[in-house]
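A.B. asks: this one's sequence-less:
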């Protein structure tokens, strides 16, 4: 296991830009990311890079914000990172050397993976990766917990039953009320 980040801090093994990973081809069985994709300036370029470092059959798993009917207004009003659903995550943008690595667009994961048409476009842009699943998560527990805030509106004793309830909600409903999405891609 190798932990990477754009900045050095305790627990990080390698400081690296996700667009240019300093690893040989076909070296990892998996890449796991939590809230990274929506910070990347060129997300499709990263997907190509992830494919390069994954072994055939290796998987890229990401948990990211989901811009659903319910979640998007909350993210737009109460989260410090912007949501721009008009951006083209496939655009060939010029590298900005002065860009803050914490700049973000929380809409990027939804733009890339929420619809079948978007997933098809990802697979056309990065044919070595197959989208295996998109799962809609965190229906009520996440917003009630405050996300990554130090406060919570949900008492700890209710968490387990809330999560069990969320698992029983149908996929059709989840696509409209989830606050998070888990995306899994596999190297062909």
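C.D. replies: Here it is on my side, so go on. Only a predicted model underlies this, so the values are computations on that prediction, with no experimental measurement involved. Numbering: from 1, shown residues only.

A.B. asks: contacts and neighbour counts: CA atoms only from here.
C.D. replies: OK.

A.B. asks: Give me the contacts around stretch 109-127.
C.D. replies: 37-38, 44, 47-48, 64-67, 85, 88-89, 129-131, 134, 183 (CA atoms under 8 Å, 6 or more residues apart in numbering).

A.B. asks: now the residue nearest the centre of the chain, what's its secondary structure?
C.D. replies: Closest residue to the average C-alpha location of the chain: residue 64 at 3.1 Å, with CA atoms, centre = their mean. Recorded secondary structure, residue 64: strand (DSSP: H, G, I helix; E, B strand; the rest coil).

A.B. asks: Quick check: pLDDT value at it.
C.D. replies: pLDDT for residue 64: 98.

A.B. asks: so what's the closest residue in space to it that isn't next to it in sequence up against?
C.D. replies: Computed as CA to CA, 6 or more residues apart in numbering, the closest residue to residue 64 that is not its neighbour in sequence is residue 35, at 5.0 Å. Contacts for residue 35 were tallied using CA under 8 Å, 6+ apart; they are 62, 63, 64, 65.

A.B. asks: Measure how buried the last one is and give me the count.
C.D. replies: So the one you mean is residue 65. The local packing of residue 65 (other CA atoms under 10 Å) involves 28 other residues.

A.B. asks: Which residues does it form beta bridges with?
C.D. replies: residue 180 (DSSP bridges).

A.B. asks: Any figure for the gap between it and residue 111?
C.D. replies: Relative to residue 111, residue 65 is positioned 11 Å away (CA to CA, to the nearest Å).

A.B. asks: Residue 14 now?
C.D. replies: Noted for residue 14: a distance of 29 Å to residue 111, by CA to CA.

A.B. asks: quick one: which of these two has more around it?
C.D. replies: Neighbours were counted for residue 14 and for residue 111 using other CA under 10 Å; residue 111 has more, 21 against 16.

A.B. asks: State the three-state secondary structure for the most far-flung residue of the chain relative to its centre.
C.D. replies: The centre of the chain is farthest from one residue, residue 157, which by CA atoms, centre = their mean lies 28.4 Å away. Secondary structure, three-state DSSP: residue 157 is helix.

A.B. asks: From residue 151, how far off is it?
C.D. replies: Applying CA to CA, the value for residue 157 to residue 151 is 15 Å.

A.B. asks: So residue 11, which state does it fall into?
C.D. replies: coil.

A.B. asks: Model confidence for it, exactly?
C.D. replies: 94.

A.B. asks: With the one 3 residues further on instead?
C.D. replies: Taken from the predicted model, the pLDDT recorded for residue 14 is 97.

A.B. asks: can you check the one 10 residues further on too?
C.D. replies: The per-residue pLDDT reported for residue 24 equals 98.

A.B. asks: In the protein, what helix or strand scores lowest on average pLDDT?
C.D. replies: Least confident element among the helices and strands of the chain, by mean pLDDT, DSSP states H and E: helix 141-145 (a mean of 88).
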